[in-house]
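1. sharing a model that was predicted from the sequence below.
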Amino acid sequence: MIPVWRLARVFLHVLRALLIVGLRFPQLRPAERHAHVGAWSRRLLELLGVRLEAVGQGRPGAKLLIANHVSWLDIAAMHAVLPEARFVSKGDVKRWPVVGWLVTGVGTLFIERASKRDALRVVHRTAEALESGDTVAVFPEGTTGAGPELLPFHANLLQAAVATALPIQPVMLRWHEPGERFSSAARFIGDTTLTQSLWRIASARGLAVRVQVLPAVETAHADRRLLAEHLREQLAEALAAD
């Protein structure tokens, strides 16, 4: 499909989401909101020509999801499989045109990563969300990587799960396309802009994302730094074996 046509359809799909979030979400129950988020995310991937490969299931109830980070589309890929997730995202996303308002409307928590004080605030907010029964998702690398190698994990946000003794469930994301085990089209690194990334994804042929939900890890009395190392090893092994 011609990239311009794909992007035009995505634009209309985003407008539809703005209407739903703005007009219907306030009246919907959480399960109904999750159903909309999941259906909308799966359709977004389809419109962009991305094939979704889902493996495994999320543990029922409140939990902290952690995943490796490659693309701004990682959130849609995870929402397509785990629509109940509330993401912790960098504050810059809140200021993106249209997208910022949309992700705010679905309950995203924002963090100013340059501020240690703000990181502490978000840990408290995340713990409160977990205690209220929510599922919260974070990218412990803190930024996007190329795919094959994981960046170091930041352990701070894992403290929310440790403090509430709720499980952490790792999710492995692998973007791939014909001839590339780790897709270059999906990468959102360096000086790449959102517009450039959108065009590369819409122009790709055979782009797919594998979302593999790994077994949950208990956190009671865990040391967050050792926990971060263990989770990073789990995701690295899953990427290598996939």
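-> Nice, I can see it.
2. every contact and neighbour count from this point should use C-alpha atoms.
-> Fine.
3. contacts only, for the spatially most central residue of the chain.
-> By C-alpha atoms, centre = their mean, the chain has its centre lying nearest to I75, at 3.0 Å. Applying C-alpha atoms under 8 Å, 6 or more residues apart in numbering to I75 gives the contacts F87.
4. model confidence score at it, please.
-> The per-residue pLDDT reported for I75 equals 92.
5. put the alpha carbons of the strand or helix carrying it into PDB.
-> Secondary-structure assignment from DSSP states H and E places I75 in helix 74-81. C-alpha atoms of helix 74-81 as PDB (Å, rounded to 0.1, in the frame of the first residue of the first chain):
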ATOM      1  CA  ASP A  74       5.900   0.000  21.500                       C
ATOM      2  CA  ILE A  75       3.000   1.300  23.500                       C
ATOM      3  CA  ALA A  76       0.500   0.500  20.800                       C
ATOM      4  CA  ALA A  77       2.000  -3.000  20.400                       C
ATOM      5  CA  MET A  78       1.700  -3.700  24.100                       C
ATOM      6  CA  HIS A  79      -1.800  -2.100  24.300                       C
ATOM      7  CA  ALA A  80      -2.900  -4.500  21.500                       C
ATOM      8  CA  VAL A  81      -2.100  -7.400  23.800                       C
END
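6. how about the secondary structure of L166?
-> Here L166 is recorded as coil under DSSP: H, G, I helix; E, B strand; the rest coil.
7. ok, A185 touching S197?
-> Yes. Counting by C-alpha atoms under 8 Å, A185 touches S197, with 7.5 Å between them.
8. where in this structure is pLDDT low?
-> 1, 91, 97-98, 101, 113-116 (pLDDT under 70).
9. ranges for the strands of it?
-> Under the criterion DSSP state E, strands of the chain are mapped to 51-55, 63-67, 85-90, 109-111, 135-138, 168-176, 208-213.
10. nearest to W5, out of those?
-> In terms of C-alpha to C-alpha, the element of the strands of the chain nearest to W5 is strand 51-55, at 17.7 Å.
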